[in-house]
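In: fold the following for me, if possible:
(chains A and B)
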There are 2 protein chains.
Amino acid sequence: MGTTTATAPWKQLLLNALQSNSNLKHSSFVQLATIGSNGKPSNRTVVFRGFQENSDKIQINTDSRSHKIEDLKHCPFAEICWYFTDSWEQFRINGRVDVIDGSNADPIKLQQREKAWFASSLKSRLQYLGPHPGLPSLIEQPSQEPSLDPSTGPVGAYCLLVLDTDQVDYVNLKSNERVGFASRLSGNGEKSWTSEKVNP
Amino acid sequence: MGTTTATAPWKQLLLNALQSNSNLKHSSFVQLATIGSNGKPSNRTVVFRGFQENSDKIQINTDSRSHKIEDLKHCPFAEICWYFTDSWEQFRINGRVDVIDGSNADPIKLQQREKAWFASSLKSRLQYLGPHPGLPSLIEQPSQEPSLDPSTGPVGAYCLLVLDTDQVDYVNLKSNERVGFASRLSGNGEKSWTSEKVNP
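Out: Numbering: from 1, shown residues only, chains lettered A, B, ... in the order given. Reported below is the predicted structural model:
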């Protein structure tokens, strides 16, 4: 058993991996697994949008009309699998996901959603004006591309997901090392982390 | 709705993607999502080991001591997320997984397991002689590397997973096209496939 720390000890490892794989455009692509309302696992690629300020909470943008929203309302737990193709490192990050759409009652969360909206590119934002994802596509597409003023705030279909990390499993396939990180909440609600080397 | 076919129409798309990304050593790496016995999703990188002869069944090698075996015995459903980093194509492949270890009662399945064992490299096979994956690692590693005769058959820890595909969701991020493929079993047990273009 390693020592107990208040700051997530895997976060620096992850930031280092992002740095050493930053030449690859797909280095921020991760696979997010959830449980569907049919009780079967569901898995798709999403983009890591950074940590929420001074925390180990992971931000992901998504469309409120996508299946994963239904999945997460049914079961809020998710696991991210993040494989870095250059450095041969894998992070498996699990926790509970907070779904923040425009109907959220918490003004601080609505602010976080707005901030994440403006942090994404105009091209990304335009996606939320498109037709309902996953529904049959019409043969005829509208001839006009949707347009969006850069100062327009988050549209209805835009949803921010925030994963509050519970456990992380790290494997380095070059050094053949594996470390498990686990968090625990103390009586005052503060999270602390322990780590342990395990067999790969 | 597209036409109904007996051969999986997504299989050729996948073989084409493998071909066009074959310069990347990670092109056969996929993320496999299962449901843990704690009811939470679990997600990890595994290697695609090809299709079972003349079928749309996907083969994966794994260690019978890994958590995913426990997961799959508890809930046999899984979803593979396969993102091709060069061609920007994603395949989400779900179905039921057959876990074939040395104790399997079906001689045909044991033959498939033996065939898959000999199809993997000697280096891959050696992994199954290592210490129990996921358990705390001892500071002192044995000084002698394990050795294995190339003619030795599958060892106890070697397990073949066979995913029998049920549905596939295909997205091409370059052409911005998405297609859903669904299978159905007819009265005589034969599988047929339909496909439908959906909004990305």
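In: spit out the contact partners of A:L72.
Out: Going by Cβ atoms under 8 Å, 6 or more residues apart in numbering or on different chains, A:L72 touches A:T34, A:A78, A:V97, A:V99, A:L161. C-betas here are computed from N, CA, C, even on glycine.
In: how about a cut-off of 6 Å?
Out: If you count contacts by Cβ atoms under 6 Å, 6 or more residues apart in numbering or on different chains, A:L72 has them with A:T34, A:V97, A:V99.
In: give me every residue in chain A lying close to chain B.
Out: A:26, A:31, A:33-35, A:40-45, A:77-79, A:81, A:83, A:85, A:90, A:92, A:131, A:133-137, A:196-199 (Cβ under 6 Å from any Cβ of the partner chain).
In: can you lay out the contacts of A:L72 as JSON lines showing neighbour count?
Out: Below are those laid out as JSON lines (neighbours: other Cβ atoms under 10 Å in any protein chain shown):
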{"residue": "A:T34", "neighbour count": "26"}
{"residue": "A:V97", "neighbour count": "25"}
{"residue": "A:V99", "neighbour count": "18"}
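In: out of the residues you listed, which one sits closest to chain B?
Out: Comparing these against chain B with Cβ to the nearest Cβ places A:T34 closest, at 5.7 Å.
In: in the sheet, who's paired with that closest one?
Out: Beta-bridge partners for A:T34, by DSSP bridges, are A:S42.
In: check A:V198 too.
Out: Taking DSSP bridges as the rule, A:V198 bridges to A:R178, B:P136.
In: list the contacts for A:P154?
Out: For A:P154, the contacting residues are A:R113, A:E114, A:W117, by Cβ under 6 Å, 6+ apart.
In: now do 8 Å
Out: By Cβ under 8 Å, 6+ apart, the neighbours of A:P154 are A:G102, A:R113, A:E114, A:W117.
In: same check, this time on A:A33
Out: Counted by Cβ under 8 Å, 6+ apart, A:A33 has contacts A:41-43, A:78-81, B:31, B:33, B:41-43, B:79, B:81.
In: 7 Å instead, please
Out: A:A33 sits next to A:P41, A:S42, A:N43, A:A78, A:E79, B:A33, B:P41, B:S42, B:N43 when contact means Cβ atoms under 7 Å, 6 or more residues apart in numbering or on different chains.
In: also A:E190?
Out: Each residue near A:E190 by Cβ under 7 Å, 6+ apart is listed here: A:A6.
In: distance of it from A:I58?
Out: Distance, A:E190 to A:I58, by Cβ to Cβ, to the nearest Å: 19 Å.
In: check A:G50 too.
Out: Applying Cβ to Cβ to A:G50 and A:I58 gives a distance of 8 Å.
In: quick one, longest strand in chain A?
Out: As assigned by DSSP state E, the longest strand anywhere in chain A is strand A:158-172.
In: put the alpha carbons of that one into PDB.
Out: Extracted C-alpha coordinates of strand A:158-172, given in PDB (Å, rounded to 0.1, in the frame of the first residue of the first chain):
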ATOM      1  CA  TYR A 158     -25.800  21.000 -25.400                       C
ATOM      2  CA  CYS A 159     -25.000  19.000 -22.300                       C
ATOM      3  CA  LEU A 160     -21.900  18.900 -20.100                       C
ATOM      4  CA  LEU A 161     -20.900  15.600 -18.400                       C
ATOM      5  CA  VAL A 162     -18.700  15.800 -15.300                       C
ATOM      6  CA  LEU A 163     -17.100  12.500 -14.200                       C
ATOM      7  CA  ASP A 164     -16.200  12.500 -10.500                       C
ATOM      8  CA  THR A 165     -13.300  10.000 -10.300                       C
ATOM      9  CA  ASP A 166     -13.500   7.200  -7.900                       C
ATOM     10  CA  GLN A 167     -10.800   4.700  -9.000                       C
ATOM     11  CA  VAL A 168      -8.000   4.700 -11.700                       C
ATOM     12  CA  ASP A 169      -6.100   1.700 -13.100                       C
ATOM     13  CA  TYR A 170      -2.900   2.700 -14.800                       C
ATOM     14  CA  VAL A 171      -0.800   0.400 -17.100                       C
ATOM     15  CA  ASN A 172       2.400   1.300 -18.800                       C
END
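In: helices and strands around that strand, which ones?
Out: helix A:9-20, strand A:57-63, strand A:89-100, helix A:107-119, strand A:177-185 (3 or more Cβ pairs under 7 Å, 6 or more residues apart in numbering or on different chains; DSSP states H and E).
In: roughly how far is it from the heart of the chain?
Out: Here the centre of strand A:158-172 is set off from its chain's centre by 6 Å, with Cα atoms, centre = their mean, to the nearest Å.
In: and the spatially most central residue of chain A, what does it touch?
Out: Centroid-nearest residue in chain A: A:I60, 3.9 Å away (criterion: Cα atoms, centre = their mean). Counting by Cβ under 7 Å, 6+ apart, A:I60 makes contact with A:L32, A:V46, A:V47, A:F48, A:R49, A:L161.
In: not counting its neighbours along the chain, what's nearest A:S28?
Out: A:F48 (4.5 Å; Cβ to Cβ, 6 or more residues apart in numbering or on different chains).
In: in contact with that neighbour, which residues?
Out: A:S28, A:V30, A:I58, A:I60.
In: drop anything exposed from the contacts of A:I60.
Out: With burial judged by 16 or more other Cβ atoms under 10 Å in any protein chain shown, the buried subset of these is A:L32, A:V46, A:F48, A:R49, A:L161.
In: burial of the residue nearest to the fourth one when sequence neighbours are not counted, as a residue count?
Out: When you say that, I think you mean A:R49. Nearest residue to A:R49 in three dimensions, chain neighbours excluded: A:Q59, at 4.2 Å (Cβ to Cβ, 6+ apart). Residues lying near A:Q59 (other Cβ atoms under 10 Å in any protein chain shown) number 21.
In: can you check the one 5 residues further on too?
Out: For A:S64, the tally of surrounding residues (other Cβ under 10 Å) stands at 19.
In: list phi and psi for it.
Out: For A:S64, the backbone dihedrals are phi -70, psi -10 (criterion: degrees, to the nearest 10).
In: so what's it closest to, chain neighbours aside?
Out: A:C159 (4.1 Å).
In: confirm for me that that neighbour is in contact with A:V99.
Out: Yes. Contact criterion Cβ atoms under 7 Å: A:C159 and A:V99 qualify, at 6.4 Å.
In: okay, and the common contacts of these two?
Out: In contact with both A:C159 and A:V99: A:I69, using Cβ under 7 Å, 6+ apart.
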